[in-house]
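Peer 1: The amino acid sequence is not available; the structure is as follows:
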């Protein structure tokens, strides 16, 4: 899937793919989350999709179920060194499914990409801008 990244103004940088746009922005005046916050949110929301699917397949209500994501940051590098996902469940959540819901969250594609990271290549390409109709 190709994404088009553009610069709509100010410190905004948006990603477009299919029918979707993910806006990002930078402080001090931010109208959207930062790219890094969006990246971090993808970890928890991806695991959440798997938890949601697990519960739906078993007819378990997701009322009172939530994930709390916390980070540990290396003080020397400033980089995230540990991500913890706590799947919080209500008292009536079936005990027999607690370990299984963790296994479901572990299937998250974002998490798997951390375990087997892709190689990232950055390059420049010069392209001629197409003339707009009426130019």
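Peer 2: It's in. Being a predicted model, the structure only gives us computed values, none of them experimental.
Peer 1: buried sites along stretch 18-29?
Peer 2: Across stretch 18-29, burial judged by 16 or more other C-beta atoms under 10 Å covers 22, 24, 25. Glycine gets a C-beta too; all of them are placed from N, C-alpha and C.
Peer 1: Could I get the contacting residues of the second one?
Peer 2: Okay, so that is residue 24. Contacts here follow C-beta atoms under 8 Å, 6 or more residues apart in numbering; on that basis residue 24 touches 12, 13, 14, 15, 32, 33, 34, 35, 38.
Peer 1: For the fourth one, list each beta-bridge partner.
Peer 2: Taking DSSP bridges, one finds residue 5, residue 22 as the beta-bridge partners of residue 15.
Peer 1: Show me what counts as buried in the helix or strand hosting residue 112.
Peer 2: For residue 112, the enclosing helix or strand under DSSP states H and E is helix 109-115. Using 16+ other C-beta under 10 Å as the test for burial, helix 109-115 gives residue 111.
Peer 1: likewise stretch 62-71?
Peer 2: Neighbour-count burial for stretch 62-71 [16+ other C-beta under 10 Å]: 65, 67.
Peer 1: Contacts for that stretch next, please.
Peer 2: 40, 43-44, 47-48, 51-52, 55-56, 80, 82-90, 93, 105.
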